[in-house]
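Novice: here is a sequence together with a model predicted from it:
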Amino acid sequence: MGILHHRKLMTIIRERITRPSVHPHLHFEPYKLFWQPDDATEPVRVHGELYTSEAFIDAHNKLQDSPPEPEYSLPRVVLGLMFSSDGTQLTSFSTAKLWPIYLFIENESKD
């Protein structure tokens, strides 16, 4: 049996959101993004980031409309998490593989 190397999820989240100098492109306020090439055309909704999606905006609004936790005055935000995994072959001459699990914070711009 192998050894499972891991980190606590809250440690990773706390590290990412409390260091804005390292991760300057985090978005905690969702918004709708539109593109309008000229005044003669109608604006077109642009979808490309989770924090501009209707589901994210709805989750944000629902959280803001919910009763606050007593004795806490910190801002309440929705944090989008995406997990993925794939097989990684360790060497060219064997069948040894790892299956790492990747975590992406979806509040961060892809750009």
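Specialist: Nice, I can see it. Numbering: from 1, shown residues only.
Novice: mean pLDDT per helix and strand in this structure: which one sits at the bottom?
Specialist: Taking mean pLDDT, DSSP states H and E as the measure, strand 97-98 is the helix or strand of the chain with the lowest mean score, a mean of 80.
Novice: other SSEs contacting that strand?
Specialist: In terms of contacts (3 or more C-beta pairs under 8 Å, 6 or more residues apart in numbering; DSSP states H and E), strand 97-98 is packed against strand 88-89. C-beta coordinates here come from the backbone N, C-alpha and C atoms, glycine included.
Novice: how distant is the strand it packs on from the center of its chain?
Specialist: Averaging C-alpha positions (C-alpha atoms, centre = their mean, to the nearest Å) puts strand 88-89 25 Å from its chain's average.
Novice: list of residues touching stretch 47-61?
Specialist: The contact list for stretch 47-61 (C-beta atoms under 8 Å, 6 or more residues apart in numbering) reads 27, 29-33, 46, 77-78, 80, 82, 106-107, 109-110.
Novice: which stretches of the chain form strands?
Specialist: Using DSSP state E, the strands of the chain run over residues 33-35, 44-46, 81-85, 88-89, 97-98, 101-105.
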